[in-house]
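Trainee: Below are the sequence and a predicted model; questions follow.
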Amino acid sequence: MTYYKKADWVLEQLGVEGTVIVDARYALNDSEAGERAYAEAHIPGAYYVSLNHDLSAPNRPNGEGGRHPLPGAQALAAVLG
């Protein structure tokens, strides 16, 4: 399964049942830039997910998992569901 698709494939899939387009743009130097860009223009029907709020778990005290540790499977499923 490929998770990143080329623009022509995305255009062909717009409106196809079972296809979900997720916009996760993010800039490390401006955590709100991706959401602003999404609000200004995005693929019709795409959903915005925030790296900080939706795709990351709280930072761990020992630093394990890095700056944006992955959320648990249930938390991620809740966001994407």
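Mentor: Good, I have the coordinates.
Trainee: Now do the strands in this structure.
Mentor: 22-23, 47-48 (DSSP state E).
Trainee: Which neighbouring elements make contact with the first one?
Mentor: It refers to strand 22-23. Here strand 22-23 touches strand 47-48, going by 3 or more CB pairs under 8 Å, 6 or more residues apart in numbering; DSSP states H and E. For the C-beta atoms, the positions are set from N, CA and C on the backbone; glycine is no exception.
Trainee: Mind giving me the packing neighbours of the strand it packs on?
Mentor: When contacts are defined as 3+ CB pairs under 8 Å, 6+ apart, strand 47-48 packs onto strand 22-23, helix 33-40.
Trainee: Wait, residue 19 touches residue 13, no?
Mentor: Yes - with contact defined as CB atoms under 8 Å, residue 19 reaches residue 13; the gap is 4.5 Å.
Trainee: hey, least reliable of the helices and strands packed on strand 47-48 by pLDDT?
Mentor: Mean pLDDT values for these show the minimum at strand 22-23, a mean of 90.
Trainee: Run me through the strand neighbours of that one, direction for each.
Mentor: According to DSSP bridges, strand 22-23 forms sheet pairs with strand 47-48 (parallel).
Trainee: List the contacts of the partner strand.
Mentor: Defining contact as CB atoms under 8 Å, 6 or more residues apart in numbering, one finds that strand 47-48 is touched by 20-24, 34-35, 38, 42.
Trainee: try it again with 7 Å
Mentor: For strand 47-48, contacts defined as CB atoms under 7 Å, 6 or more residues apart in numbering pick out 20, 22-23, 35, 38.
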